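Peer 1: Quick check, what structure comes out for this input:
(2 chains)
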2 protein chains.
Amino acid sequence: MHKIYDYPKSRAAFERALKLIPSGIYGHQGPAEGCYVPVEAFPLYSSKAQGSYLWDLDGNRFIDYMCAYGPNILGYHDPDVDEAAARQRAISDCTTLPNPIMIDFADLLVDTVASADWAFFAKNGNDVTTLAIMTARAYTHRKKIVFFKGYYHGVSPWTQKIDYAGVIEEDVMHNLYVEWNNLEQLREVFDTHKGEIAAVIAQPYMHGNFMDNELPAEGFWKEVRKLCTDEGTVLVVDDVRAGFRLDLAGSDHFFGFKADLICFCKALANGYNVSALCGQEFLKNTVSSMSYTGSYWMSAVPFAAGIACIEKMKRIDCPRLLDEKGRLLREGLTDAAREQGFDLHVTGAPSLFYLRVADDPSLRLHQEWVAECVKRGVFFTNHHNHFINASLSDEDIRETVEIAREAFAVLRERHPL
Amino acid sequence: MHKIYDYPKSRAAFERALKLIPSGIYGHQGPAEGCYVPVEAFPLYSSKAQGSYLWDLDGNRFIDYMCAYGPNILGYHDPDVDEAAARQRAISDCTTLPNPIMIDFADLLVDTVASADWAFFAKNGNDVTTLAIMTARAYTHRKKIVFFKGYYHGVSPWTQKIDYAGVIEEDVMHNLYVEWNNLEQLREVFDTHKGEIAAVIAQPYMHGNFMDNELPAEGFWKEVRKLCTDEGTVLVVDDVRAGFRLDLAGSDHFFGFKADLICFCKALANGYNVSALCGQEFLKNTVSSMSYTGSYWMSAVPFAAGIACIEKMKRIDCPRLLDEKGRLLREGLTDAAREQGFDLHVTGAPSLFYLRVADDPSLRLHQEWVAECVKRGVFFTNHHNHFINASLSDEDIRETVEIAREAFAVLRERHPL
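Peer 2: Modelled structure (predicted):
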């Protein structure tokens, strides 16, 4: 039996944080967004990280399946990335004029990403999804944007929901919503708003929170691509979350089509702070015409890290590796569930798997199981997809499955058949 | 006489960049925005940086008065900040759960900044100006925002201009514009839009581009503060550019008033990538209610850098130091101009001085003079305020004045009295 963790130091830190920081820890990394339920089962602060492991403030070690919510793709403290970054830091980082390593990084992205004829760098995923939408509006002289329900494209007002705090109706009045994989609805929206749709923006598959993740149906992307081309609409792929975990050439390439604009962040530099908008040649002049930049956007260290990260991902064939690890884990977890008579749904790509114990529509049983895993050292979350990183070992996976098995046994004892 | 620089390697790099990156170098760091005129006089890429110096690709050394457009406040590669950052990097940076150093940084800001009861961290100045506006709208349930003409608050659609590419009328339809230091206009706008104004957003003084910078008139801020309080409007100070160069307690404190929300970025961590929104207690719950975060927002290294930066700025009384250096430089430059019969206007705070050779309304004479300075190793820009950093030595200032003098002499020879 594994030791059951508790978190007195994390709790004390959070109490202190609540006095100094709105909601203590905001956003998806904090307890307010509902991914950590029951919150008592989760540590809230980390003290250090290495490879596939995270240690909390109380010295508990976790196999970390959130990977900083994506950025950790090669393992925390990857030596190749860290060395390249340190080498650049000794020379320069944030300076008045950019270092030409920025051009090298753009060159590498254009060489790597199938739909990239150019690259534009920023800091947040949100910076580049926003630039994509502005580019689509500038290019088409249209206003309307099609979203797929369950989407997440950042926190700018244009991509928030009308009932969210601080959002006004004008921010979202040109947003149109259709169901994922529903071509009929999409066609209807194009018919109803003929000549008005600037962009369709979508993640490469539906990896929303609080829902089983859903891959594109056969022929879906081909038809979306065709509709956009026919209607003169810019097709934006938000690859912030899935980027480089499915295909180094872009998740659009993985699913057999070509985006007009594609947004990267997270896995781009193994945790160093950079995002990128890439796109096709016909949109380059439009992007050039925009007024868009930020204080740190040309810092050289993240470019060096990004180059080292992409080169290493190529060297180790990272997407294939992550897929293999993800499949091994999926098999182990579903077997462990079955042994105790539970039905664990594992959806989405193996490298970005979403978990749901399907025996209880209230999701409470699922939350109980996740809690028992976390308290034994496997960092899952309740209602967000997970991430595999390349440093995750077979031994890590074996230990994870063992803990999952123990957690299912606890669940079965608590809820007898 | 100083050697005249040329830039063949910068030019070759820029040609390469144009193929891979929209406009080669976008935003204020590139030649498109008009701060580098004539562009031939300016290097476009840097190879390294140290203290107050920048080296370009061709090995030319510059005394850098742009300081990465603000972030460099202590000098490039400040040993105290770099050491604190390296220490944290060896432990952790971008991880699934935040490191409690985030709380320490918030604590230090709350302790340092007069109007800060709490702190919220992000990555761009733009992230926090946008959060400020969303917070004001959420708190007041109003839509309208008052800007001062000449403003710059980032690149989000809400703060761009209607004629900018990618901006739609709905983005800016609730924006109201008044002239800086014009209380009568401000009162009129409040009268006309009674009960509708969510926020007034302003830099602590007018440091716009292509205009002499203008300090607040006597009593201006006191009256703005009173109007906002009386009308239930949130007063947002955008201290992204001036922050910590006037007063470590905030530029509102420097000018004798208290903002409701204050935005920091740039000088916050000497070039490490972090921004902050600070504010008064009554707005904390509203910020807590927002959905607002990003992939790297809780990375620990910039927090460590920020703590070390603020502690050092306190230790050396940075604002006083920068003010003294700025005054010394201003005196030297205006004397050098006068010797050749030119009238150099130096406006704004000495630590953020704006330059204009006032003898020619077309600004071409000014551009010529700046070009002659740059080509001799003093990195000024034409139409943007400059920045002093703490590592700038008296010898640097002496050399700068000498070069400025030589440049004025060249100008006088070319344009005899």
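Peer 1: average model confidence for the helix or strand harbouring residue A:236?
Peer 2: In the assignment (DSSP states H and E), residue A:236 maps to strand A:234-238. Average pLDDT, strand A:234-238: 98.
Peer 1: Following the chain onward from that strand, which element is next?
Peer 2: helix A:251-254.
Peer 1: For that following helix, give the mean pLDDT please.
Peer 2: In this model, helix A:251-254 carries a mean pLDDT of 98.
Peer 1: now swap in stretch A:188-208 and tell me
Peer 2: On average, stretch A:188-208 scores 97.
Peer 1: shouldn't residue A:277 be in contact with residue A:263?
Peer 2: Yes - look at residue A:277 against residue A:263 with Cβ atoms under 8 Å: they come within range, at 5.7 Å. No exception for glycine: its C-beta is placed from N, CA and C like everyone else's.
Peer 1: intersection of neighbour lists for those two?
Peer 2: A:128, A:132 (Cβ atoms under 8 Å, 6 or more residues apart in numbering or on different chains).
Peer 1: if we can go back for a sec, give me the distance between the strand holding residue A:236 and the centre of its chain.
Peer 2: Remark: strand A:234-238 is offset 16 Å from the chain centroid, using Cα atoms, centre = their mean, to the nearest Å.
Peer 1: Contacts for that strand, please.
Peer 2: Identification of contacts with strand A:234-238 by Cβ under 8 Å, 6+ apart yields A:115, A:125, A:129, A:132-133, A:135-136, A:139-140, A:151, A:153, A:198-204, A:224-225, A:228-229, A:250-252, A:259-263, A:283.
Peer 1: Filter those residues down to the buried ones.
Peer 2: By neighbour count, with 16 or more other Cβ atoms under 10 Å in any protein chain shown, the contacts of strand A:234-238 hold A:115, A:125, A:129, A:132-133, A:135-136, A:139-140, A:151, A:153, A:198-204, A:224-225, A:228, A:250-252, A:259-263, A:283 as buried.
Peer 1: Burial check on the closest residue to chain B within the stretch 1-150 of chain A, number of neighbours?
Peer 2: Closest residue of the stretch 1-150 of chain A to chain B, Cβ to the nearest Cβ: residue A:27 (2.4 Å). When neighbours are defined as other Cβ atoms under 10 Å in any protein chain shown, residue A:27 has 19 of them.
Peer 1: how near is it to residue A:174?
Peer 2: Distance, residue A:27 to residue A:174, using Cβ to Cβ, to the nearest Å: 26 Å.
Peer 1: One more: residue A:146?
Peer 2: Distance from residue A:146 to residue A:174, by Cβ to Cβ: 10 Å.
Peer 1: Who has more neighbours out of those two?
Peer 2: Per other Cβ under 10 Å, whichever of residue A:146 and residue A:174 has more neighbours is residue A:146, with 26 against 19.
Peer 1: give me every residue that touches that one.
Peer 2: A:176-178, A:186, A:189, A:197, A:199-201, A:233.
Peer 1: per-residue confidence at the residue of the stretch 301-417 of chain A found nearest chain B?
Peer 2: Using Cβ to the nearest Cβ, the single residue of the stretch 301-417 of chain A nearest to chain B is residue A:379, 6.4 Å away. At residue A:379, the model reports a pLDDT of 98.
Peer 1: residues touching it, list them.
Peer 2: Residue A:379 touches A:54, A:62-66, B:96, counting by Cβ under 8 Å, 6+ apart.
Peer 1: And it, its phi and psi?
Peer 2: For residue A:379, the backbone dihedrals (degrees, to the nearest 10) come out as phi -90, psi 90.
Peer 1: what does residue A:211 give?
Peer 2: Backbone torsions for residue A:211, taken as degrees, to the nearest 10, come to phi -160, psi 140.
Peer 1: wait, it sits on residue A:150?
Peer 2: Yes - the criterion here is Cβ under 8 Å, and residue A:211 meets it with residue A:150 at 5.7 Å.
Peer 1: coming back round to it: give the helix, strand or coil label for the closest residue to the residue of the stretch 1-150 of chain A closest to chain B other than its chain neighbours.
Peer 2: In space, and not counting its chain neighbours, residue A:27 is closest to residue B:293: 2.4 Å by Cβ to Cβ, 6 or more residues apart in numbering or on different chains. Following DSSP: H, G, I helix; E, B strand; the rest coil, residue B:293 is assigned to coil.
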